[in-house]
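Participant: my questions concern the predicted model and sequence given below.
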Amino acid sequence: MKQIKPIIWGIAIIALGVIFGGNAIGLFNIDIFFDGWWTLFIIVPGVVSLFTDKEKLSSLVIIGIGVILLLAARDVFSYDIAWKVILAVVLIAIGLGLVFRSIFHTNNDKEIGKKIEDLENGKIMDSQTAIFSGNERTYNKESFQGSNIIAVFGGVDLDLINAKFEKDTVIKAFCAFGGIDITIPEDVQIKVKSAFIFGGASDERKDVTAKGKHTIYIDAAGAFGGVTINSKKK
């Protein structure tokens with residue numbers, strides 16, 4: 001899917017270039033600056049994400065917001081009504097996301113959740129918090145015993161490439177309107193339990209060892225944000 005996204009964007013940019021060029025030399029006269037043309041910057045990315053991303057609900061909501069604003073720009077109804085409808089759509093989407101994630105818990109999620117509870121019991125973990133700010137933590141030959149990460153309108157970077165792993169550990173990661181980057185060696189396994197509204201957790205490591213000596217259990221949750229796991233620091 002990652003290969004499809006640049007192809008779609010490439011085609012869209014080519015089409016835009018053809019329209020500009022055709023208008024310039026008189027082949028045709030297509031007015032792309034219609035009332036509400038700016039909403040295409042919301043609708044088009046939403047359509048691209050719908051076909052390329054796993055999170056379909058957030059893509060549909062983005063498209064819906066763009067269409068509502070387009071209708072308001074074309075005087076189908078007022079912007080006051082548009083913003084109220086958008087708020088209603090977002091609230092309904094968040095509610096649906098919570099309901100479906102609660103109903104359709106996989107056995108894997110339950111297993112990871114139980115393991116996380118067992119590992120957390122009585123343990124004091126490091127913590128990193130970023131609220132309207134950034135926070136970086138690098139382990140340099142230090143023993144990693146787990147971490148509790150919170151990012152709200154900010155970002156946290158946790159680098160575990162040179163950390164010492166003596167046993168299985170837990171990372172609890174919550175982000176809202178922010179991002180968390182976790183760098184983990186390729187010889188360490190991870191198991192992720194994710195509960196996001198408009199966001200998600202992704203493992204972008206390559207050539208990961210099939211069976212590492214230790215496992216990090218990641219409990220990731222939040223809204224309008226994401227947790228990214230890498231094997232090399234960005």
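Facilitator: The structure has been received and is ready for your questions.
Participant: domain parsing for this structure?
Facilitator: Per automatic domain parsing, the structural domains of the chain span 33-103, 107-230.
Participant: JSON lines for those domains, including mean pLDDT?
Facilitator: Output for these, formatted as JSON lines (pLDDT from 0 to 100):
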{"stretch": "domain 33-103", "mean pLDDT": "82"}
{"stretch": "domain 107-230", "mean pLDDT": "81"}
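Participant: of those domains, which is nearest residue 19?
Facilitator: Nearest of the domains of the chain to residue 19, taken as CB to CB: domain 33-103 at 10.9 Å. (Glycine included, C-beta is placed from N, CA and C.)
Participant: please compute how far that closest one lies from its chain's middle.
Facilitator: Put simply, domain 33-103 sits 17 Å off its chain's centre (CA atoms, centre = their mean, to the nearest Å).
Participant: and if you look at stretch 169-177?
Facilitator: 13 Å.
Participant: what residues sit buried inside that stretch?
Facilitator: Across stretch 169-177, burial judged by 16 or more other CB atoms under 10 Å covers 169, 170, 171, 172, 173, 174, 175, 176.
Participant: mind telling me what element the fifth one is part of?
Facilitator: Pointing back at residue 173 there. Per DSSP states H and E: residue 173 is located in strand 169-176.
Participant: quick one: residue 221 and residue 192 touch, right?
Facilitator: No - using CB atoms under 8 Å, residue 221 is not in contact with residue 192; the gap is 10.8 Å.
Participant: sorry, back to before: identify the residues contacting the strand holding residue 173?
Facilitator: For strand 169-176, the surrounding residues in contact (CB atoms under 8 Å, 6 or more residues apart in numbering) are 116, 119-120, 123, 125, 144-153, 156, 158, 180, 182, 199, 201, 214, 216-227.
Participant: name the residues linked to residue 138 by a beta bridge.
Facilitator: Beta bridges link residue 138 to residue 159, judged by DSSP bridges.
Participant: many thanks, we can stop here.
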